[in-house]
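1. Sequence and predicted model, in that order:
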Amino acid sequence: MNNKIIHKLEPITLVGGGAVGKDDLQLALDIAPTCVAADSGADVALAAGVELSAVIGDMDSISEAARRRIPSSKFHRIPEQMSTDFDKALRHIETPLVLAVGFMGRRVDHQLASLHTLVMRPDRPCLILSDRDVIFLCPRVFKLDVSAGTRVSLFPMGEVHGRSEGLEWPIDGLTFSPTGTSGTSNRATGDLVLEVDAPSLLCILPRELIRPVAQKLVALPEHARWPARAERYKDPPPSL
């Protein structure tokens, strides 16, 4: 059953209720002009004067004022409590790339849950914007033109191996894992190439690379993409 709520051929901005800098939402919308909110992200979007195409989540944190201002047809309530609103939204959006804003900052548990969702939804290309970084799940193969000295951090969410070109400290032959090796604060020596064998490695790059990273993720060839993990939640999305 196809239970996607939003279908777009271009990237989509997904806004959450976490920390949002004054330029974050506009930066995302310049790349991905369709805006969807995850629950209380609707309040963030409304405060910025942004029109929403949909609101997805369990609707336990959106304000009453936002409920009154948004047409009921745009609400899509997912009542289960086993996943976050970020997960609920991500799995019900069909797009080449989700650009996520408002999922970092404020609460550490919410930040960790967002990073966990990237790993649990490897087939849903997603780029998270924070105040200093862009964060994404490294595809099987990822290539990016960067300047020498660019910070490249690689953080494992599971055991993963890989190879690299253009890193001051290559990752070839290393076993990354949450209880072992990580790749914090590596540096590029030139154009970057990463190849990994599992959908478990987060790549964290400087915020100013958002546009080229988004373009690369959208243009990924099929052989560089990850398949879906076994579906955990299959409930159809009833409307509110």
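-> Yes, it's here.

2. Double-check that Asp109 belongs to a strand.
-> No - assigned with DSSP: H, G, I helix; E, B strand; the rest coil, Asp109 falls outside any strand and is helix.

3. Please enumerate the helices of the protein.
-> Listed in chain order, the helices of the chain (DSSP state H) span 24-31, 41-47, 64-69, 85-91, 108-120, 210-218.

4. Tell me the strands beside the longest strand along the chain, with direction?
-> Longest strand in the chain, counting residues (DSSP state E): strand 183-196. Partner strands for strand 183-196, per DSSP bridges, with pairing direction: strand 141-144 (antiparallel), strand 151-156 (antiparallel), strand 160-167 (antiparallel).

5. Got the domain ranges for this structure?
-> Here the domain parsing of the chain from automatic domain parsing is 6-131, 132-226.

6. distance between the shortest one and the chain's centre?
-> The chain centre lies 15 Å from the centre of domain 132-226; the measure is Cα atoms, centre = their mean, to the nearest Å.

7. end-to-end on that domain?
-> Start-to-end span of domain 132-226 (Cα to Cα, to the nearest Å) is 26 Å.

8. where in the protein is pLDDT low?
-> 1-2, 230-240 (pLDDT under 70).

9. can you name the farthest residue from the center of it?
-> Using Cα atoms, centre = their mean, the residue of the chain lying farthest from its centre is Arg68. It sits 28.5 Å away.

10. List the contacts of Gly16.
-> Counting by Cβ atoms under 8 Å, 6 or more residues apart in numbering, Gly16 touches 37-41, 44, 85-86, 100-103, 114. Any C-beta I mention is one placed from the backbone N, CA and C, and that applies to glycine too.

11. and if we set it to 10 Å?
-> Shown in contact with Gly16 (Cβ atoms under 10 Å, 6 or more residues apart in numbering): 37-42, 44, 57, 84-86, 89, 100-106, 110, 114, 128.

12. where does Ala156 sit relative to Leu220, distance-wise?
-> Not quite, residue 156 is Pro, not Ala. Separation of Pro156 from Leu220 (Cβ to Cβ, to the nearest Å) stands at 21 Å.

13. More neighbours: which of those two?
-> Pro156 (25 against 18; other Cβ atoms under 10 Å).

14. So what sits opposite that one in the bridge?
-> Leu201.

15. Excluding chain neighbours, what is closest to the residue nearest in space to the middle of the chain?
-> Closest residue to the average C-alpha location of the chain: Cys126 at 3.3 Å, with Cα atoms, centre = their mean. Leaving aside its sequence neighbours, Cys126 sits nearest to Val98 (Cβ to Cβ, 6 or more residues apart in numbering; 4.4 Å).

16. Report the beta-bridge partners for that neighbour.
-> Ile12, Cys126.

17. Start the count at 4 instead of 1 going forward.
-> I'll keep to 4 as the first residue from here, and by that count the last item is Val101.

18. Could you pull up the contacting residues of it?
-> Contacts for Val101 (Cβ under 10 Å, 6+ apart) come out as 9, 11, 14-17, 31, 35, 39, 89, 92-93, 124, 127-131, 220.

19. All set now, cheers.
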